[in-house]
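In: predicted model and sequence below, questions to follow.
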Amino acid sequence: MSNAFKPKIVAFLCNWCSYTASDLAGTARIKYSPHVRILRVMCSGRVDPTFVLKAFALGADGVMIAGCHPGDCHYIEQNYKTIRRHSMLRYFLEQMGIEPERLRLVWASAAEGQYLAESIDGFVAAVQKLGPLHWSDNWLEDGQREEALEEIVREHAAAMEVPV
Amino acid sequence: MISDETLRIGVYVCHCGSNIAGTVDVEKLADFAEGLPHVAISRHYKYMCSDPGQELVKKDIAQFNLTRIVVAACSPSLHEPTFRRAAESAGLNRFLVQMANIREQVSWVTENKDDALEKAQAHLAAAVRRVAGHEPLQREFVRITPRAMVIGGGIAGIQAALTLADAGKEVVLVEREPSIGGHMAMFDKTFPTMDCAACILTPKMTAVKLHPNIKMLTYSSVDSVEGSVGNYKVKVRRRPRYIDESMCVGCMQCLDGCVFTKPKFPNSFDQGLGLRKPVWIPFPQAVPPVPVVDPAACLQLSRGKCKQTCVEACGERNAFRFDQQETIEEYEVGAIVVATGFQAFDPSVIPYYGYGKYPNVYTSLEVERLLNAGGPTGGKLVLRDGSTPKRVGIVHCVGSRDANFHAYCSRVCCMYALKLAHLVREKTEAEVYNCYIDMRTPGKGFEEFYNRVQNEGVQFIRGKVADVTPVTGQGTAADGGLVMQVDDTLLGTIRKLNVDMVILAVALEARADAADVRRTLGISCSTEGFFLEKHPKLAPVNTANDGVLIAGACQGAKDIPDTVAQADAAAAKALVLIDSGQIELEPNTAWIKEEMCSGCMTCIGLCPYKAITHDPERKIAVIDAALCKGCGTCVAACPSGAAQQHLFSDEQISEELEGLMNYV
């Protein structure tokens, strides 16, 4: 399977539950897919939707956000805001022609190292099934998109009577 | 990418013995780092956290004039403070250090060495790009409130409160029941020494009442906890006793004076076996010795019409307050010791043991009250019809070690069942049958006690009791009693034992409201419902919330000696915290770039700590750093990028992302 598609996946893990779970997976020597790159944030509520889009723009084939279980957030209720952003992002990704399944939200408590490892493996398998995204390649394609975007900005500015 | 000619980054790759080097090619990784932007020096070393490893960093900072440090080693939760300290001692701001987690998140979880190197490269490149955007930060400290709260007034709470108070700290002790004492106050004797529970407990209860440093709040419960380690604001709900605690002298004349000449209502302290009046006290040695009025039973409170003979009896002491209302009091404390204890398993959910169906099937806690001289029968062990039992069966492991109820062993049941067997024989000379699965008596003097009870003629049958059924009728003594069916695994036969009293040695379980308490305090519960300690071996009284400590049976079933030891440990930990005077704040708070803020107020509603307010004059948001806990949710939501977070700025995270994706 050496020719198998190796996806690039970014995982945003919250400091208190899911990052601790990933540390626990390590301490317990639980092996999981190496295609996941981990980025620590204090809370899943810190994950700006633009970070997710940026990850895709930089060539990620999938993005995972992991936080504390609902009701267990270290910051009381901030993971509920993550839930809202996640639904919004899924809708948004679909509009942009990206399969919403490329974004996954996972709850893992500090005790759930095994579960987090399984979730990562499950997500990697799902992304492998979807195949490469090639979004970043398309962006750099020929400059036409950039022109089109600038045109939209000009039109918008004119409509709003703002000098560009 | 951040370009700054003055940036000089030092990269250190740790072997961690073979923990990292066994999977990740550390030499290649260090070579790779050399090619990354702004990297002035890249090294690999066997143990970076060791003294020589730290020295390496310190020397390089001086020699190569390094302005940033990246250590690729274990999880930042382990050694980030170590390398921050090392950098600081070499004159570099401690927040200019970043760790790449290549042990817990790479070498220990990856099988293929090429994959491991690639992932380690990504994590290291991300750390290098990120650290370029770090800024020097000031360490902030806040004062700690030198006061502790103890929640729960059982033996654990009493012990913790006394230890803290003796150390000269102010203690607020909160107890839900009208009196402190907890379960221990219900017992007659304590195993294996057979000390009378009241004789060793009541002096401690009185000491709590008399201690100048302890404020005791009985009949009260914790409503909410705000703030964080070092400075909590706790709201305590105080239920009305309808008697003024400061006026009552504890003469108990009102109990005699009550219009109800006979006790009529079940006493919860006696497990409902005894009766009480509307004005009552759980047990004679209660602390404080102040009665409570049951508003549902009292004629004055329920119907508004009574001769108030109790008030007459109280006379000029004038302690009755029928207009007393529930109040909320707020206390500021630096640490909280949780000692909320356990509850006894309710065996009525096991139909085959007949509890609640046959009157002479009792729980162990009910029998404790029957044996207690202060209990409903004055210490006489009698059946429901008043006769003395002649044959008593004790069923071990009721609710414990049972896949249908609790998988765990409750640890104390074997010993208390032995104690009850001893007391039953001593008081009634009845024939006693102890039916056990395994006899577990690990403890100082425990096995010796088991031998003693065996020699006293108690019969031990190894086997789980299958069921309890009546000989005829309702299973009372007059009917001919009860039959315990047990599979005697030593004899290899099924035995049917004719008894007239069955005692169920019930499990100790987490309190029904443990999950609510857990949420209030911001701590965790293990799967069986007990509060979760920070580390089962090395931090047994600490929790995930740094200022909250746990002691006693709320952490797991345990006996009195272990509870007292744990309570003292929790008190010592609380003392360490509140005695240190100040505590360092997390540096990762949010702040507002004022010139970019448009005053849209999106962030204000997102903050659960009310740390953000709107300045109507400047029309911008203002963050109170002392209230901010550093989650960064407002930063993620800010449409103009005005809200930023120290150590987790948009730029730092973007750079980290770039590093993760474009590392080669």
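Out: Arrived safely, thanks for sending. Residues are numbered from 1 along each chain as shown, chains lettered A, B, ... in the order given.

In: residue closest to the middle of chain A?
Out: Nearest to the mean C-alpha position of chain A, by CA atoms, centre = their mean, lies A:Val63 at 2.6 Å.

In: gap between that residue and chain B?
Out: To chain B, A:Val63 is 10 Å away according to CB to the nearest CB, to the nearest Å. Bear in mind the C-beta positions are built from the backbone N, C-alpha and C, glycine included.

In: that residue is in what secondary structure piece?
Out: Using DSSP states H and E, A:Val63 falls within strand A:62-67.

In: B:Glu590: neighbour count?
Out: Residue B:590: Ala, not Glu. Neighbours of B:Ala590 under the rule other CB atoms under 10 Å in any protein chain shown: 27.

In: for it, give its distance to B:Ala636.
Out: In this view, B:Ala590 and B:Ala636 are 10 Å apart by CB to CB, to the nearest Å.

In: contact partners for B:Ser640?
Out: Counting by CB atoms under 8 Å, 6 or more residues apart in numbering or on different chains, B:Ser640 touches B:Met596, B:Cys597, B:Ser598, B:Cys600.

In: would you say it is within a helix?
Out: No. Counting by DSSP: H, G, I helix; E, B strand; the rest coil, B:Ser640 is not part of a helix but coil.

In: and the strands in the stretch 401-550 of chain B, which stretches?
Out: Assigned by DSSP state E, counting those that start in this stretch, the strands in the stretch 401-550 of chain B fall at B:431-436, B:459-462, B:465-470, B:482-488, B:493-499, B:501-506, B:508-510, B:548-550.

In: output the contacting helices and strands for the third one.
Out: Spelled out, that is strand B:465-470. Strand B:465-470 sits against strand B:391-398, strand B:482-488, with contacts defined as 3 or more CB pairs under 8 Å, 6 or more residues apart in numbering or on different chains; DSSP states H and E.

In: any idea how far B:Pro616 is from B:Phe187?
Out: 63 Å.

In: thinking again about what came up before, among the contacts of B:Ser640, which are in helices?
Out: Applying DSSP state H to these, no entry is found in helices.

In: low-scoring pLDDT stretches of chain A, where are they?
Out: Chain A contains residues with pLDDT under 70 at A:1-3, A:138-145, A:162-164.

In: what secondary structure does residue 129 sit in?
Out: As the question left the chain open, I've gone with chain A. helix.

In: oops, I was thinking of chain B
Out: B:Arg129, by the three-state scheme (three-state DSSP), is helix.

In: leaving out chain neighbours, which residue sits closest to B:Leu549?
Out: Excluding its sequence neighbours, the residue lying closest to B:Leu549 (CB to CB, 6 or more residues apart in numbering or on different chains) is B:Ala570, at 4.1 Å.

In: can you read off the pLDDT for that neighbour?
Out: B:Ala570 is assigned 98 on the pLDDT scale.

In: my guess is it meets B:Val548, correct?
Out: No. Applying CB atoms under 8 Å, one finds B:Ala570 not in contact with B:Val548, separated by 9.7 Å.

In: okay, these two: which has more neighbours?
Out: Just comparing B:Ala570 and B:Val548: by other CB under 10 Å the higher neighbour count belongs to B:Ala570, 32 against 25.

In: just confirm the more buried one is within a helix.
Out: Yes. Assigned with three-state DSSP, B:Ala570 falls within a helix.

In: which residues touch it?
Out: Residues in contact with B:Ala570 (CB under 8 Å, 6+ apart) are B:Ala156, B:Ala160, B:Val337, B:Ala339, B:Val541, B:Leu549, B:Ile550, B:Ala551.

In: and the third one, helix, strand or coil?
Out: Put plainly, it is B:Val337. strand.

In: from chain A, how far out is it?
Out: According to CB to the nearest CB, B:Val337 stands 21 Å off from chain A.

In: okay, and the beta partners of that residue?
Out: In this entry, B:Val337 is beta-bridged to B:Val150, B:Leu549, by DSSP bridges.

In: for chain B, give me the ranges with low pLDDT.
Out: In chain B, residues with pLDDT under 70: B:1, B:664.

In: and the gap between the residue nearest to the centre of chain A and B:Gln645?
Out: 20 Å.

In: go on, B:Ser50?
Out: 33 Å.

In: neighbour count: the two, which is higher?
Out: Using other CB under 10 Å as the criterion, B:Ser50 and B:Gln645 rank with B:Gln645 on top: 25 against 13.

In: do I have it right that the more buried one meets B:Gly630?
Out: Yes. With contact defined as CB under 8 Å, B:Gln645 reaches B:Gly630; the gap is 6.7 Å.

In: how about the strands in the stretch 101-250 of chain B?
Out: B:141-143, B:147-151, B:170-174, B:189-190, B:195-196, B:214-217, B:220-228, B:231-238.

In: which of the ones you listed is buried the deepest?
Out: Of those, the one with the most neighbours on average (mean count of other CB atoms under 10 Å in any protein chain shown) is strand B:147-151, at a mean of 28.

In: flag every residue of the stretch 301-450 of chain B that's near chain A.
Out: For the stretch 301-450 of chain B, the contact set with chain A under CB under 8 Å from any CB of the partner chain is empty.

In: which stretches in the stretch 301-450 of chain B count as helices?
Out: B:309-314, B:364-371, B:413-428, B:446-455 (DSSP state H, counting those that start in this stretch).

In: now render these as JSON lines, adding distance to B:Ala197 and mean neighbour count.
Out: Shown next, in JSON lines, are the helices of the stretch 301-450 of chain B (distance: least, CB to CB, whole Å; neighbours: other CB atoms under 10 Å in any protein chain shown):
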{"stretch": "helix B:309-314", "distance to B:Ala197": "31", "mean neighbour count": "18"}
{"stretch": "helix B:364-371", "distance to B:Ala197": "9", "mean neighbour count": "23"}
{"stretch": "helix B:413-428", "distance to B:Ala197": "11", "mean neighbour count": "22"}
{"stretch": "helix B:446-455", "distance to B:Ala197": "16", "mean neighbour count": "15"}
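
In: can you list the strands of the stretch 101-250 of chain B in JSON lines and add distance to A:Gly45?
Out: As requested, these are exported to JSON lines (distance: least, CB to CB, whole Å):
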{"stretch": "strand B:141-143", "distance to A:Gly45": "24"}
{"stretch": "strand B:147-151", "distance to A:Gly45": "29"}
{"stretch": "strand B:170-174", "distance to A:Gly45": "32"}
{"stretch": "strand B:189-190", "distance to A:Gly45": "50"}
{"stretch": "strand B:195-196", "distance to A:Gly45": "54"}
{"stretch": "strand B:214-217", "distance to A:Gly45": "36"}
{"stretch": "strand B:220-228", "distance to A:Gly45": "17"}
{"stretch": "strand B:231-238", "distance to A:Gly45": "23"}
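
In: for stretch B:414-426, list the C-alpha coordinates in PDB.
Out: Extracted in PDB, the C-alpha atoms of stretch B:414-426 (Å, rounded to 0.1, in the frame of the first residue of the first chain):
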ATOM      1  CA  CYS B 414     -16.200  -7.200  54.800                       C
ATOM      2  CA  MET B 415     -14.800  -5.400  57.900                       C
ATOM      3  CA  TYR B 416     -18.100  -3.700  58.900                       C
ATOM      4  CA  ALA B 417     -19.900  -7.000  58.300                       C
ATOM      5  CA  LEU B 418     -17.500  -8.700  60.700                       C
ATOM      6  CA  LYS B 419     -18.000  -5.900  63.200                       C
ATOM      7  CA  LEU B 420     -21.800  -6.200  62.900                       C
ATOM      8  CA  ALA B 421     -21.500 -10.000  63.400                       C
ATOM      9  CA  HIS B 422     -19.500  -9.400  66.500                       C
ATOM     10  CA  LEU B 423     -21.900  -6.900  67.900                       C
ATOM     11  CA  VAL B 424     -25.000  -9.000  67.100                       C
ATOM     12  CA  ARG B 425     -23.400 -12.000  69.000                       C
ATOM     13  CA  GLU B 426     -22.400  -9.800  71.800                       C
END
